[in-house]
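# heads up, no residue letters with this:
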């Protein structure tokens, strides 16, 4: 397994290629699509990672997958390079690093919002606006519902989590009373 720094090096290289070719967004989407295909198919992972299959068999399978996904030549070359270097298992990490870099270049930040019930448009707009002002970036929201929160919202911006849920407040109070 390669380290996060190696994943970032691959992602930086892809970023540079995408910028030079002026197709950064589509290249990123293709890398993510390939990573997801490999992550979700146990059979595909078995073929690509099992040394019982020859290198040429694995390259042929990967080429067929790339063709079915209608991936660009750049992404196909990346996939083959990762296969030859034994880096296919790290494609999801490379895709995540690439997405973060592309968002940074584009002045975007991805935010995860978890609420006790679906957020209405006005509440989401207020949260998006506040986070936009705080970060100075365009905010892209990924929303989900977790009824166990009881109320409020948990917001994750990068590695930072803001717990504004009722469950979080109750747990905080409980910890203060016990400690």
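Looks like it came in fine. Since the model is a prediction, treat every value here as computed from it, not as a measurement.
# And the pLDDT for residue 150?
With respect to pLDDT, residue 150 scores 86.
# er, residue 3 I mean
Listed pLDDT for residue 3 reads 60.
# quick one: contacts for residue 157?
When the contact criterion is Cβ atoms under 8 Å, 6 or more residues apart in numbering, the partners of residue 157 are 109, 111, 131, 135. Just so you know, the C-beta spots here come from the backbone N, C-alpha and C atoms, and that holds for glycine as well.
# Same list (those) but as a markdown table, adding distance to residue 61 and secondary structure.
Written out in a markdown table, the entries for the contacts of residue 157 read as follows (distance: Cβ to Cβ, whole Å; DSSP: H, G, I helix; E, B strand; the rest coil):
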| residue | distance to residue 61 | secondary structure |
| --- | --- | --- |
| 109 | 37 | strand |
| 111 | 37 | strand |
| 131 | 43 | helix |
| 135 | 42 | helix |
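# Please, a ChimeraX command that selects the buried ones among the residues you listed?
Of the contacts of residue 157, the buried ones can be selected in ChimeraX as follows, counting by 16 or more other Cβ atoms under 10 Å:
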select :109,111,131
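# Among the contacts of residue 157, which pair sits farthest apart?
Using Cβ to Cβ, the contacts of residue 157 reach their maximum pairwise distance at 111 and 135, which is 8.8 Å.
# Please name the nearest non-neighbouring residue to residue 4.
Excluding the flanking residues, the one nearest residue 4 by Cβ to Cβ, 6 or more residues apart in numbering is residue 93, at 6.8 Å.
# If we go by neighbour counts, what in the helix or strand containing the one you found is buried?
Residue 93 is part of helix 91-106 when elements are defined by DSSP states H and E. Neighbour-count burial for helix 91-106 flags 91-103 (criterion: 16+ other Cβ under 10 Å).
# What is that helix packed up against?
helix 4-21, helix 24-40, helix 73-84, strand 108-115 (3 or more Cβ pairs under 8 Å, 6 or more residues apart in numbering; DSSP states H and E).
# ok, now with 10 Å
Contacts of helix 91-106 with other secondary structure elements, assessed using 3 or more Cβ pairs under 10 Å, 6 or more residues apart in numbering; DSSP states H and E, are made with helix 4-21, helix 24-40, helix 73-84, strand 108-115, strand 138-145.
# closest to residue 58 out of these?
Of all the helices and strands packed on helix 91-106, it is helix 73-84 that lies closest to residue 58, at 6.0 Å by Cβ to Cβ.
# these two touch, right, residue 151 and residue 119?
No - using Cβ atoms under 10 Å, residue 151 makes no contact with residue 119, being 12.0 Å away.
# More neighbours: which of those two?
Set side by side, residue 151 and residue 119 show unequal neighbour counts under other Cβ atoms under 10 Å, the larger going to residue 119 at 18 against 12.
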